[in-house]
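Novice: pasting the sequence and the predicted model now:
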Protein chains: 4
Amino acid sequence: MPTILGQNQYGKAENRVVKITRDGATHHIKDLNVSVALSGDMDDVHYNGSNANVLPTDTTKNTVFAFAKEHGIESAEQFGVHLARHFVTSQDPIHRARIRIEEYAWERIETSGEAKHSFVRKGQETRLTQVTYDGESWEVVSGLKDLTVMNSTDSEFWGYVKDRYTTLKEAYDRILATSVSSRWRFNWTDDAREMPDWDASYARVRQHMLRAFAETYSLSLQQTLYQMGSRVIEECAEVDEIRFSLPNSHHFLVDLEAFGLKNENEVYFASDRPYGLIEATVLRDGCEPRIPVDLTNL
Amino acid sequence: MPTILGQNQYGKAENRVVKITRDGATHHIKDLNVSVALSGDMDDVHYNGSNANVLPTDTTKNTVFAFAKEHGIESAEQFGVHLARHFVTSQDPIHRARIRIEEYAWERIETSGEAKHSFVRKGQETRLTQVTYDGESWEVVSGLKDLTVMNSTDSEFWGYVKDRYTTLKEAYDRILATSVSSRWRFNWTDDAREMPDWDASYARVRQHMLRAFAETYSLSLQQTLYQMGSRVIEECAEVDEIRFSLPNSHHFLVDLEAFGLKNENEVYFASDRPYGLIEATVLRDGCEPRIPVDLTNL
Amino acid sequence: MPTILGQNQYGKAENRVVKITRDGATHHIKDLNVSVALSGDMDDVHYNGSNANVLPTDTTKNTVFAFAKEHGIESAEQFGVHLARHFVTSQDPIHRARIRIEEYAWERIETSGEAKHSFVRKGQETRLTQVTYDGESWEVVSGLKDLTVMNSTDSEFWGYVKDRYTTLKEAYDRILATSVSSRWRFNWTDDAREMPDWDASYARVRQHMLRAFAETYSLSLQQTLYQMGSRVIEECAEVDEIRFSLPNSHHFLVDLEAFGLKNENEVYFASDRPYGLIEATVLRDGCEPRIPVDLTNL
Amino acid sequence: MPTILGQNQYGKAENRVVKITRDGATHHIKDLNVSVALSGDMDDVHYNGSNANVLPTDTTKNTVFAFAKEHGIESAEQFGVHLARHFVTSQDPIHRARIRIEEYAWERIETSGEAKHSFVRKGQETRLTQVTYDGESWEVVSGLKDLTVMNSTDSEFWGYVKDRYTTLKEAYDRILATSVSSRWRFNWTDDAREMPDWDASYARVRQHMLRAFAETYSLSLQQTLYQMGSRVIEECAEVDEIRFSLPNSHHFLVDLEAFGLKNENEVYFASDRPYGLIEATVLRDGCEPRIPVDLTNL
C-alpha cells in the first residue's frame, strides 16, 4: 500500500449551548460554543469504513448538552476538563480529546424594577479556551480574539532598513491600533495540583494586556507586543507562555493640503487591506514553547 | 427609445474616517463609516457617458475627510447635515444628497498612569444615521443594529392558529432573544427649528428600548416589539416613527430525558437558521410612515 | 393612545431546503433558502399579545418543507407562487404573503463511471426571487447578487466636474470591475395569463447582462449600467423594470516609478474600501417603477 | 529577565494584486492575495524597539507589486518562490520567508464580438499556496478551500459505538456533503531539481480529489476522506502528503409524516451548526508529515 494514514481527529464542532442558572428570581447565564475533537484507534474507519471504534459526532454533541446539566458550567475551562476527561476515560479507542470553547459575555440590562433575568450581549472580545487531555496530563490554552484597541499618540516608527523598494516615510507621532488575538498556556497540567481560578485568571490577563498596551511608548508594534506578553507572564504566575497575532490596523493621516487645510494629527483614513501582521511568542524563561506558531481559530 | 432611466444615485460608499480631538493630554475619538449618495440631473451620463454633470465619487470621498477637519465631528447626525447641505447647495446638478453613517463606539482603557489617549472598542451595537436633504427640508433617520438581548424567562407563546402543518408545542416559559435592528425618524425637518441634541437623544432611545424589552412580560415577540416602539415614542418627543426588524433567535430547550436527566429550563441549544423574523413600525398617532418597510443596511 | 401600529410582517426566514429528484440513477438537485413574510389582521398580537390570528412561524417553516414534497420545486419562482397562494387563500387573517428565495447552483462532477448523483456547487452568483401575492395580483421580482465582472480595458473616465475638493486625475484606459447586484420585475401579474418560463428567462437576462457589460466601451460606470439594463429590457419581453447596485471595485494602477519600473497598465492594486456605488433603475417606456430604490437582501 | 522572546514573524498581509497581460487584443488575468511573513534577527525590535534590522512591512508590500512587473505571475507558486528568495537573499537579518497566496479564478465572458478583455469571476474554490524558504531548502504547500460537494446517495452510517448519550439512528441512504479544505505538500525542496508544473499539478490534484469523492461508496466520511487523499498521492508523483478538514454538512431528512406525506429521500433540511468535523493526513508511505494538524487560513 503506497499511502498511509497520518494524524487524524473528529468530533462535533460548534455546539451552541446556553445555560441558565436560577438563583431565585436572579438568573445567571453562560453562553458557549463548544467543539469536540477526538483521536485514537481510528485506522479502520479510514481504511475500510468500519465504524466499530467510532463514537458518533452526534453523541459528542449530546454529551455537551447533557454535561451542561450534570456538571453545570463553572467556567469554560472547567467545562472543557469535564468533557475531555469523559471521552478519554469512557471510551477505550479514544486516546486524546481536545475541547475548544468560545465564550460570549453578557451583562445585565438595568431596569427600574426587580427584573434580574434580562441581558444584553457585551459584544467586545470573544473569550477562548482549548483543553487537551491524553489520559495522563492536561494542556490548557486560553485566549481571546477581536479585542480592538488604539493609542492615538505615543507611537513612532523610524530607523528601519531601507532597500530599493522602500518608500515609507518615517513617523514620529502616529496612531497605533490593532485587534488583539492572543493565546496563553497555563502551567497546570496535573490532576494532583489545584486548578487555577480560571475566571479570575482571565480577568487578570486581560487587564494587564490592556494596560501594557496603553502604557507603552511604542517605537514599533513588536515592542508593544513584547511588553504586553512579558507583563502577563510577570503578573500571572499560572501562565508560562503567551502568543499574539497583531494586525497593524493602519490609520493613515489624510493629506489635506490640496484643500488648503493643515492636518495636525487629527483626521485619519482607517484602511482595511493590506495590513502589517506582527506575531510573536513570549515565554517564561526556561519554559518550552507549545502554542502553535499559526494561531488557529477556535 | 423603448427604455428610460428611472431613479438613480451615486457616490462614494464606506469612507472610514477617524477623528482625534486633543484636549491637552486628553484625547477624544470619533470613528465613522460614511457613505454618500447623490441624485440630480444625471440623464446624460447614463444615456451617453457624458460626465459634465458628474462630481466624481473620489471628490465626495475627499470632501468627507476635509469636512472632518473643517467642521469637526460633533455627532454623526450633525456631520451628515454638513455634508448633505454642501453637495446640494454647491453643485447645481445635485438636487438631493443622502449621507449614511455607521458609528463605532470606543471607551477608555483604565491605566495606572495619566494616559488619556488609549481606547478599546466597545463592540456592542453599531450606531447608524441617514441624513437626506433636497435643498428644502431634512429627513434624519437614526438607528442601531446588532444589539443582542435576551430574557431568560417571562416569555410565553400559545393560543395561536393551528393548521394542517402545525406541529409546534405551546410554551409557557421560554427564552426570548433577539438581535435588535431599529431605525427611528426625527420630526426635525426644518433649518428654522433647533436641532435635537443628537447624542442625548440616542442614549435616551437606546435606554428606553432596552428597558421596555426587559420589563415586558411577553406573550409574543410582536407584543414586545410594540412595547419597545411605543415606549420610545412616548419618552422621546423628537421621534415620530420607529421600525424594528427582530429575528426571533430561537433557544430550544434540549430534551435530556433519554439520558435520565430532567431539563428544568436550564440547558438550551442556540439555533442559527431558520429564525422567526418579526418586523413592524410604531408611529406617533397622526404621523405618516416614511421609514422603508425593508430596512436597508447603512 | 399616543402611538399606533404601522406596517408589519412576520414569518420564518432562511429555511434551507434541498430537494433531490431521482430519475432512475440520475439525480437532480434544487438548493433553496426560503424566507416567508406574512401580513394581515395582526393588530391584536402587537397591542395585547393575543396570538389568535397568528399562524406560527414554525408552521410556515413546516409548510416550506411539505410543499417541496407536495409540489416539487420546478423553479424558485414557481415554488414561491405555490407558497404565497397557500398562505393567503388558506388563512383568513393573512392578506399578503411575500416569499423570498435564494437559489444556489450546482453542476455535476465528471467521473469515469456512471455516477449521476455527485455534484459540486457552482459558487458563482446567487439567484434570487421575491414573489408577493395579495389575493388578487402577483408581483415577481427576480435577481442575482455577487456576480463579479471585469473589463481590463475599454473604460475611460474624464470630463467630470472639478470643485475645490477634486484631486482625481482623468483616466483614458482603466480597469472597470464590479460585483453585480440586480433585481428585475416581471410583467406577469395575473393568474389568467400564462407564467413565463422562469428558468429560461433567468438564463436570458443573465446572458444579456454579461454581454452588455463586455461589449460596452465605457465612459462611466453609469453608462455601462444603463446599457446592461436597456439590453435586458429590449431582449426580454417578460421584464418591464430592472435595477442595479454596482460598486465600482477600484483597481488602482500601482506607481512603480520609484523602483525604476514602468507600469503600462499591467499591475493593479485591488482596493476594498471606499468604493464608488452606482445605482439606477431602467424601465420599459411607459411602465411605472416598483422596485425599491434601496435593494434589500433576500 | 524572567521572560524571553520565542518564535516571531512579521510582514504585510493581504496584498491584493491583479496582473493583466496583453497578448495583442487578448488579455490574461492573474488575481492574487499575497501575504508576507519574515523571520530572523529580530530580538532588538521586540526588546527595545530598535528597527535597525526591520525591513518595513510597507516595503514588503511594494516588493509584491514591483515583482508582479519584474517577474510576472506565471503561477502563484512560482511568484511565491521569487518573493521568498528575494527577502532571504537580499537582507542579512532575514533568515526565513513565508509567502502565502490566495488565487481567485476568472473565466472569459462569451460575447458576439471580438472582445477578449472581459471576465467573470469563477467563484468556486479559492486556490492556495504557501512557499517557505530558509536560504537552503524550499517547502511548498498548496491547497484549496470552499469547494462544496455533495453525493445525494451511496452514503451510509451504521455499526458505530453506542454509549449512554447515543441517540442517533443508523442511516443506510443519506446525503454526504462537505466543503473541502485541503493542503498538499510537494516533494520539490531543492533548487537543483526542476520545479513541478504548478498549474498542471493543481488541475490534476483537484480532478482526482473530486472524482474520488464521487466514486467512493461511503460508509463514513473518514473513509471518503482517505480515498480522496490516497487517490491524490497515487496519481500525483509530485505530492507526498495531503491533509483535509471536512465538515460533515448535515442534510437532515425532514419528517413529513405528521402531514400525511412520505419523504422517500427527497426533502432535506440543510443545517448550519453544529457539524461533524473530520480531519486527517494521508501520506506517501515512508514520508514524514509536515503539514500542521490544524490547517490555518492563508
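Specialist: Cool, got the structure.
Novice: check whether stretch A:251-269 contacts chain C.
Specialist: Yes. Stretch A:251-269 is in contact with chain C by Cβ under 8 Å from any Cβ of the partner chain, via A:258-259. C-beta: built from backbone N, CA, C; applies to glycine.
Novice: contact partners of that stretch?
Specialist: Residues outside stretch A:251-269 that contact it (Cβ atoms under 8 Å, 6 or more residues apart in numbering or on different chains): A:150, A:153, A:173-175, A:177, A:270-271, B:15-22, B:62, B:65-66, B:68-70, C:164-165, C:167.
Novice: narrow those residues to just the buried residues.
Specialist: A:150, A:153, A:174-175, A:177, A:270, B:15-20, B:62, B:65-66, B:68-69, C:165 (16 or more other Cβ atoms under 10 Å in any protein chain shown).
Novice: which residues does residue A:63 contact?
Specialist: With contact set as Cβ under 8 Å, 6+ apart, residue A:63 has these partners: A:36, A:83, A:86-87, D:165.
Novice: spell out which parts of the stretch 151-298 of chain A neighbour chain C.
Specialist: So the stretch 151-298 of chain A meets chain C at A:164-165, A:167, A:258-259, A:272-273 (Cβ under 8 Å from any Cβ).
Novice: which pair in those spans the largest distance?
Specialist: A:164 and A:259 (33.5 Å; Cβ to Cβ).
Novice: of all of chain A, which residue lies closest to chain C?
Specialist: residue A:272 (4.4 Å; Cβ to the nearest Cβ).
Novice: which residue is the nearest non-sequential neighbour of residue A:61?
Specialist: Nearest residue to residue A:61, sequence neighbours excluded (Cβ to Cβ, 6 or more residues apart in numbering or on different chains): residue A:12, at 4.2 Å.
Novice: would you map the helices across chain A?
Specialist: A:43-47, A:57-70, A:76-90, A:198-215, A:221-235 (DSSP state H).
Novice: in TSV, list those helices along with mean pLDDT.
Specialist: Output for these, formatted as TSV (pLDDT from 0 to 100):
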stretch	mean pLDDT
helix A:43-47	98
helix A:57-70	98
helix A:76-90	98
helix A:198-215	98
helix A:221-235	98
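Novice: for residue A:27, find the nearest of the ones you listed.
Specialist: Comparing the helices of chain A by Cβ to Cβ, helix A:57-70 comes nearest, at 15.0 Å.
Novice: the residue nearest to residue A:61 contacts residue D:275, correct?
Specialist: Yes. Because the distance of 7.2 Å satisfies Cβ atoms under 8 Å, residue A:12 is recorded as touching residue D:275.
Novice: neighbour count for those two, which is higher?
Specialist: residue A:12 (26 against 21; other Cβ atoms under 10 Å in any protein chain shown).
Novice: run through the bridge partners of that one.
Specialist: For residue A:12, the beta-bridge partners under DSSP bridges are residue D:276.
Novice: closest one to chain B out of the residues of the stretch 151-298 of chain A next to chain C, please.
Specialist: residue A:259 (4.8 Å).
Novice: quick one, what contacts the residue nearest to residue A:295 when sequence neighbours are not counted?
Specialist: Take residue A:295 and drop its neighbours on the chain: the residue closest to it by Cβ to Cβ, 6+ apart is residue A:245, 5.1 Å away. Going by Cβ under 8 Å, 6+ apart, residue A:245 touches A:181-182, A:277-279, A:295.
Novice: the stretch 151-298 of chain A: strands as residue ranges?
Specialist: A:176-186, A:239-248, A:251-253, A:267-270, A:275-284 (DSSP state E, counting those that start in this stretch).
Novice: let me have those in CSV, extended by distance to residue A:102.
Specialist: Shown next, in CSV, are those (distance: least, Cβ to Cβ, whole Å):
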stretch, distance to residue A:102
strand A:176-186, 13
strand A:239-248, 16
strand A:251-253, 28
strand A:267-270, 26
strand A:275-284, 21
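Novice: for chain A, give me the ranges with low pLDDT.
Specialist: A:1, A:297-298 (pLDDT under 70).
Novice: hmm, residue A:28 is touching residue A:18, no?
Specialist: No. Residue A:28 lies out of contact with residue A:18 (Cβ under 8 Å); the separation is 11.3 Å.
Novice: out of the strands of the stretch 151-298 of chain A, which is closest to residue B:120?
Specialist: The closest of the strands of the stretch 151-298 of chain A to residue B:120 is strand A:176-186. By Cβ to Cβ, the value is 9.3 Å.
Novice: any residue of the closest one touching chain D?
Specialist: No. On the criterion Cβ under 8 Å from any Cβ, strand A:176-186 is out of touch with chain D, staying 11.2 Å away.
Novice: now that strand: buried residues?
Specialist: The neighbour-count check on strand A:176-186 (16+ other Cβ under 10 Å) flags A:176-186 as buried.
Novice: closest one of those to residue B:196?
Specialist: Nearest to residue B:196 out of the buried residues of strand A:176-186 is residue A:177 (Cβ to Cβ; 31.6 Å).
Novice: which residues does the closest one bridge with?
Specialist: residue A:150.
Novice: ok, now which ones touch residue A:249?
Specialist: Here residue A:249 is in contact with A:148, A:150, A:177-179, A:270-271, A:275 (Cβ under 8 Å, 6+ apart).
Novice: count of neighbours near the closest residue to chain D within the stretch 101-250 of chain A?
Specialist: Residue nearest to chain D within the stretch 101-250 of chain A: residue A:219 (3.0 Å; Cβ to the nearest Cβ). Neighbour count for residue A:219, taken as other Cβ under 10 Å: 18.
Novice: so it makes contact with residue D:54?
Specialist: No. The criterion here is Cβ under 8 Å, and residue A:219 misses it with residue D:54 at 10.2 Å.
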